[in-house]
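Visitor: Let's see this in three dimensions:
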Amino acid sequence: MRAKIAVAAGVLLLAGCRELPRYFAGDTTIARAGGKDLRLGDVRSVVPQGLSGDDSAAFMKVYIDRWVLKQLKLQEAETLFSSSAGDIDKMVEEYRQALLIRQLDQHYVDRSIDTVFTADEIAAYYNAHKADFKLDRTIVKGRIVRFGEGYRQAAKLKTLMGARSEAQQQDFRDICEKNDFTVDDFRDQWIDFPEFLSYLPTLRSQSYDSVLATAAVQEMRDSHAHYYFQIDAVLREGEPIPLERLRGTIRRILFNQRKRRDHPRARGGALRPGRGDGRGEDFRRRETEERRIKIKR
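Guide: Numbers count the residues shown, from 1 in each chain. Purely as a prediction, here's the structure:
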């Protein structure tokens, strides 16, 4: 009951706020369950950027409800299984060690993969299998600048942002640096469209596909700031994933193909346990250990 009362109070506090920054004016306890407190300071990092009003209140309510349910379940589990706490700790430690070992092995594999395959080999595989790599969401390249509402040269800033000459782009960068404007630049990398929107004062319940139709500088406002943004490139769901997002994946595919091709079994000369130089037995042990790790995961 105490947990429900605390959650209700927290939700009322949030619902009464209209702008996100007000939520974090203090470090009030907004929920209590299982002997644990959830404070506003604990949830600053989980609130997506750009939410305000009803959307942010709804997000916080869902987050609090899930946190309370988790704490109550943990409390009940600790009570029911207190006698086997030692076994659980041992399993957790074994799992942690297995993950560390796998991460170390992957580190050395990734480091070797970077030098094993050339850019031409990666591009050739990509071009031959492009139809297998399809986007499941829209991605974009672009840039966002945020500045205060009182800035008097906003029109000039917008013109410079959309200019093509390097001299004007340098003027744009100089102005932003001089006035300490926030610039989020994604022109050299693809970013998920929803993530791009999270840097703008947008609502999750609203569609913003219309902003994808132009490469011109566009603008948005909230009660605190003015935003200029420009989307330079768009790839939509169903289009091929760009190569720059797949290089690591393709390296692993090529590496695994080569590993299978070079394996003794693939050459028709499988080593049997207990024979030859013992490598067959060693391989069998490693294979069994890898399966056991996968099952634990």
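Visitor: in the protein, which segments are predicted with low confidence?
Guide: For the chain, the stretches with pLDDT under 70 are 1-27, 44-45, 49-53, 109-115, 262-297.
Visitor: 80 instead, please
Guide: Low-confidence segments of the chain, defined by pLDDT under 80: 1-27, 40-58, 83-85, 106-116, 259, 261-297.
Visitor: Who are the packing partners of the strand or helix carrying residue 76?
Guide: Following DSSP states H and E, one finds residue 76 within helix 54-80. If you count contacts as 3 or more C-beta pairs under 8 Å, 6 or more residues apart in numbering; DSSP states H and E, helix 54-80 packs onto helix 2-15, helix 20-23, strand 29-33, strand 36-39. Just so you know, the C-beta spots here come from the backbone N, C-alpha and C atoms, and that holds for glycine as well.
Visitor: What residues of it count as buried?
Guide: Residues of helix 54-80 classed as buried by neighbour count (16 or more other C-beta atoms under 10 Å): 55, 56, 57, 58, 59, 60, 63, 64, 67, 68, 71.
Visitor: Reformat those residues into JSON lines and put distance to residue 178 next to each item.
Guide: Output for those, formatted as JSON lines (distance: C-beta to C-beta, whole Å):
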{"residue": "55", "distance to residue 178": "34"}
{"residue": "56", "distance to residue 178": "32"}
{"residue": "57", "distance to residue 178": "37"}
{"residue": "58", "distance to residue 178": "39"}
{"residue": "59", "distance to residue 178": "35"}
{"residue": "60", "distance to residue 178": "37"}
{"residue": "63", "distance to residue 178": "39"}
{"residue": "64", "distance to residue 178": "42"}
{"residue": "67", "distance to residue 178": "43"}
{"residue": "68", "distance to residue 178": "47"}
{"residue": "71", "distance to residue 178": "48"}
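Visitor: Burial check on residue 96, number of neighbours?
Guide: 10 (other C-beta atoms under 10 Å).
Visitor: what helix or strand is it on?
Guide: helix 85-116.
Visitor: Show me how far that helix is from its chain's centre.
Guide: Between the centre of helix 85-116 and the centre of its host chain there is 21 Å, according to C-alpha atoms, centre = their mean, to the nearest Å.
Visitor: Figure out how far the following helix or strand past that helix is from the centre of its chain.
Guide: Counting by DSSP H and E, the next helix or strand C-terminal to helix 85-116 is helix 119-128. Distance, stretch centre to chain centre, for helix 119-128: 27 Å (C-alpha atoms, centre = their mean).
Visitor: Stretch 144-159 too?
Guide: Distance, stretch centre to chain centre, for stretch 144-159: 30 Å (C-alpha atoms, centre = their mean).
Visitor: Can I get it as CSV, trimmed to CA atoms?
Guide: C-alpha atoms of stretch 144-159 as CSV (Å, rounded to 0.1, in the frame of the first residue of the first chain):
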residue,chain,number,x,y,z
ILE,A,144,20.9,20.6,-35.5
VAL,A,145,21.7,23.9,-33.9
ARG,A,146,20.0,25.1,-30.7
PHE,A,147,20.1,28.7,-29.5
GLY,A,148,18.2,31.1,-27.2
GLU,A,149,15.0,32.8,-28.4
GLY,A,150,16.5,36.2,-27.9
TYR,A,151,19.3,35.8,-30.5
ARG,A,152,19.0,38.8,-32.9
GLN,A,153,20.9,37.3,-35.8
ALA,A,154,18.8,34.2,-36.2
ALA,A,155,17.9,34.9,-39.8
LYS,A,156,21.6,35.2,-40.7
LEU,A,157,22.4,32.0,-38.8
LYS,A,158,19.8,30.2,-40.8
THR,A,159,21.2,31.5,-44.1
